[in-house]
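K.L.:
When you get a sec, could you give me coordinates for this:
(chains A and B)
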Number of protein chains: 2
Amino acid sequence: MNETKGPAIPTTIRYKPIGILRSEHRELSHIPIQPVYASGCKGEVEIFADYEEGLQDLEGFSHIYLLYHFHEAKTTRLTVQPFLEDALHGIFATRAPCRPNPIGLSIVRLLERRNNLLLLDEVDILDGTPILDVKPFTSRFDNRRDTQDGWQEHIAESTAQQRGRRQAMQVSATNAKRNWKDLL
Amino acid sequence: MNETKGPAIPTTIRYKPIGILRSEHRELSHIPIQPVYASGCKGEVEIFADYEEGLQDLEGFSHIYLLYHFHEAKTTRLTVQPFLEDALHGIFATRAPCRPNPIGLSIVRLLERRNNLLLLDEVDILDGTPILDVKPFTSRFDNRRDTQDGWQEHIAESTAQQRGRRQAMQVSATNAKRNWKDLL
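P.N.:
Numbering: from 1, shown residues only, chains lettered A, B, ... in the order given. All right, here's what the predicted structure looks like:
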C-alpha cells in the first residue's frame, strides 16, 4: 500500500471529560474484569449539562459503549499477565488498563435515562472515572460470529467466570492487590 | 447513589497516536459507515516501533477493536441525522464523527500481523487516521444477545445495507458530500 500523503499526524490529542461515572466499585481489587462478569453491579453516568442534548433517543438502546479514561492507571506496560491466565501477552492483546493511551471500553446495560443521568447495570468501572464518549451498541453493527479468540480460546468458561467476577469470589485481598498493581 | 468523593476530574486528557491507519478510503464521501458494510475494504495499521512489543499474541484474534481520532472532524454537533435514516438523534445515540470527543471505534478483521504491521479487512476508516488503541475482540466479552437497538430497530436490513455501503452503491457525489459535511 502506498505511503500516506497529507499532513503530519498530531503528536498530542486532547479530549475533555463529558461526564463522570459513579459506581459501588471503590476498590480496584474488587472490580469485575469485564461487564459480562458484572451482572447486578449498578452504576450511573452523569453527563455534564452542556452535553445533555446529545443523549436524545439513547434510551431506546439496551446496551451502550462507554469510553473512559483509566484515571488510576499510572504506568505503561507493553506486556502484561492478564486476569484470566498466568501467561504474559502484549498489552494490545489484552484489555488491561496500563496501556500507552489508558482508554477503557465497556459495553454496559442501560436501564433508564433520567435527563442527563444514565442508570446502568453490568458496570465494571471504578467510581469517579471520567467519561469520554457514549455510543449505542447494536446487534447490527457490533456482534461478530465465528471469531477466533486467541489466547482466550483455551480458557474454560468456568475458569473465566471464577477469575472474571472477582468481587463475588472473595479473592484474598493480597492476591487481588498484587494483580491490580501489576496491571496499573 | 452518594456523591463521588476524591480528587476533581481532570479538565484535559492527553493521548498520543500509537500508529497510523492506511486504507483506500481517501474520500470521506465514499467510506462505508461501519465495518459490517466494508467487506473487502482492505487496510493496514502501522504501529510505531516503540509499541511493537505490545502486539505480542494479537495475531491469534480474528477481530480487533481500533480506537482512533476522527482527525477530519471539525465541529461538534449534539444532534445529527445519521446515514441510516433521515431523522435527528442525539450524537451519543449515533456513531457519527462530530462528537464532543471525536473518538472512533471500529471492529475490524485482522488478517495477519507482520511485526508492527496489522493487515486488515472490513475497514471503514479514512486513510491517514491516527490510531489511539488496539484491543482484542472476543465472543466472550463482546457479543450481546437480545439487544434493543433503539431507532435502528425499524430500519430494514436491506435499507441498512444500501445506505451503509456507500462506496458500492455509487451515491451521487452531491448527496454524499452533503451528508459528510453534516456529520463532521
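
K.L.:
all helices for chain A, in order.
P.N.:
With DSSP state H, the ranges of helices along chain A come out as A:139-142, A:157-164, A:166-169, A:173-183.

K.L.:
what stretches of chain A score poorly on pLDDT?
P.N.:
Applying pLDDT under 70 to chain A flags the ranges A:1-7, A:167-184.

K.L.:
Go again with 80.
P.N.:
A:1-8, A:166-184 (pLDDT under 80).

K.L.:
Could you pick out the longest strand of it?
P.N.:
strand A:103-114 (DSSP state E).

K.L.:
Now it: buried residues?
P.N.:
Residues of strand A:103-114 classed as buried: A:103-110, A:113 (neighbour count, 16 or more other C-beta atoms under 10 Å in any protein chain shown). C-beta: built from backbone N, CA, C; applies to glycine.

K.L.:
Phi, psi for residue A:74 please.
P.N.:
Main-chain torsions, residue A:74, degrees, to the nearest 10: phi -110, psi -20.

K.L.:
Could you do residue A:85 as well?
P.N.:
phi -160, psi 170.

K.L.:
how far away is the closest residue to residue A:38 other than its chain neighbours from chain B?
P.N.:
Among residues not flanking residue A:38 along the chain, residue A:32 sits closest, at 4.0 Å (C-beta to C-beta, 6 or more residues apart in numbering or on different chains). Distance from residue A:32 to chain B, counting by C-beta to the nearest C-beta, to the nearest Å: 11 Å.

K.L.:
Could you count how many residues lie near residue A:32?
P.N.:
23 (other C-beta atoms under 10 Å in any protein chain shown).

K.L.:
My read is that it contacts residue A:162, right?
P.N.:
No: proximity of residue A:32 to residue A:162 does not meet the contact threshold set by C-beta atoms under 8 Å, at 11.6 Å.

K.L.:
Return the residues in contact with the residue lying closest to residue A:31 once chain neighbours are set aside.
P.N.:
Among residues not flanking residue A:31 along the chain, residue A:25 sits closest, at 4.5 Å (C-beta to C-beta, 6+ apart). With contact set as C-beta atoms under 8 Å, 6 or more residues apart in numbering or on different chains, residue A:25 has these partners: A:31, A:41, A:43, A:123-127, A:167.

K.L.:
now do 7 Å
P.N.:
Contacts of residue A:25 were listed using C-beta atoms under 7 Å, 6 or more residues apart in numbering or on different chains, and they are A:31, A:125-127.

K.L.:
Which two of those residues have the greatest separation?
P.N.:
Greatest spacing in those, by C-beta to C-beta: A:31 and A:127 (9.5 Å).

K.L.:
Settle it for me: which of these two has more neighbours?
P.N.:
Neighbours per residue (other C-beta under 10 Å) separate residue A:31 from residue A:127, with residue A:31 holding more: 24 against 20.

K.L.:
what residues are up against that one?
P.N.:
Taking C-beta under 7 Å, 6+ apart as the test, what residue A:31 contacts is A:25, A:124, A:126, A:166.

K.L.:
10 Å instead, please
P.N.:
A:23-25, A:37-38, A:41, A:123-127, A:165-167, A:176, A:180 (C-beta atoms under 10 Å, 6 or more residues apart in numbering or on different chains).

K.L.:
of those, buried ones?
P.N.:
Here, 16+ other C-beta under 10 Å leaves A:23, A:25, A:37-38, A:41, A:123-127, A:165-167, A:176, A:180 buried among the contacts of residue A:31.

K.L.:
rewinding a little: distance check, the residue nearest to residue A:31 against chain B.
P.N.:
In terms of C-beta to the nearest C-beta, residue A:25 sits 11 Å off from chain B.

K.L.:
OK, contacts around the nearest residue to residue A:148 once chain neighbours are set aside?
P.N.:
Using C-beta to C-beta, 6+ apart and skipping residues adjacent in sequence, the residue nearest residue A:148 is residue B:62, 3.9 Å away. By C-beta under 10 Å, 6+ apart, the residues touching residue B:62 are A:144, A:146-150, B:109-111, B:136-139.

K.L.:
Tell me where chain A has strands.
P.N.:
A:13-15, A:19-23, A:43-47, A:63-69, A:79-80, A:89-90, A:103-114, A:117-121, A:130-136.

K.L.:
list the buried ones in the fourth one?
P.N.:
Translated: strand A:63-69. Neighbour-count burial for strand A:63-69 [16+ other C-beta under 10 Å]: A:63-69.
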